[in-house]
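Visitor: Pasting a predicted model and its sequence here:
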Amino acid sequence: MVETVKGMGSVKRFGTRYGRTTKYKLAKIEVEQRKKQDCPYCGKAKVRRVSYGIWNCQKCHNTFTARAYNVGKKLTLQERASQLVAEAPEIRTIEGEE
Ligand SMILES: [Zn+2]
């Protein structure tokens, strides 16, 4: 049984070359980057990728930078703080002493 990835068509341009696994990985990324992303400004799923990390909303005409292959979600202050704590454990120890 052949494993299929949705949107595999975009990597058919490579024909039989470059191997199966790498093409599957690329297919997953290309499916993600080519679909319309959610706009962090107006909330509509109308954002298209212009170039690496550059995105343009077709609804509110905002052009902005984000991640290379998807917009990603905007983190709340609390989420960002918990991420910082995870990166630097010494913050947590100071917090625990109080
Ligand atoms: Zn927008």
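Guide: Sure thing, it's come through. Residues are numbered from 1 along each chain as shown.

Visitor: Going by C-alpha atoms from here, please, whenever you check contacts or count neighbours.
Guide: Noted.

Visitor: near the ion, which residues of the chain?
Guide: Where proximity means C-alpha under 5 Å from the ion, the interface of the chain facing the ion comprises 39, 42, 57, 60.

Visitor: of those residues, closest to residue 24?
Guide: Using C-alpha to C-alpha, residue 39 is the member of the residues of the chain next to the ion that lies nearest residue 24, at 27.3 Å.

Visitor: Just read off the phi/psi values of the closest one.
Guide: For residue 39, the backbone dihedrals are phi -80, psi 130 (criterion: degrees, to the nearest 10).

Visitor: Who are the contact partners of it?
Guide: Taking C-alpha atoms under 8 Å, 6 or more residues apart in numbering, we find residue 39 in contact with 45, 46, 47, 57.

Visitor: And for residue 68?
Guide: Applying C-alpha under 8 Å, 6+ apart as the definition, the contact partners of residue 68 turn out to be 52, 53, 54.

Visitor: please redo it, this time with the cut-off set to 10 Å
Guide: Shown in contact with residue 68 (C-alpha atoms under 10 Å, 6 or more residues apart in numbering): 33, 49, 51, 52, 53, 54, 55.

Visitor: one step back: list buried residues within the contacts of residue 39.
Guide: Applying 16 or more other C-alpha atoms under 10 Å to the contacts of residue 39, the neighbour count classes 46, 47, 57 as buried.

Visitor: if you look at those residues, which of them are in strands?
Guide: Filtering the buried ones among the contacts of residue 39 for membership in strands, criterion DSSP state E, returns 47, 57.

Visitor: Near residue 25, how many other residues are there?
Guide: As a burial measure, residue 25 scores 13 neighbours (other C-alpha atoms under 10 Å).
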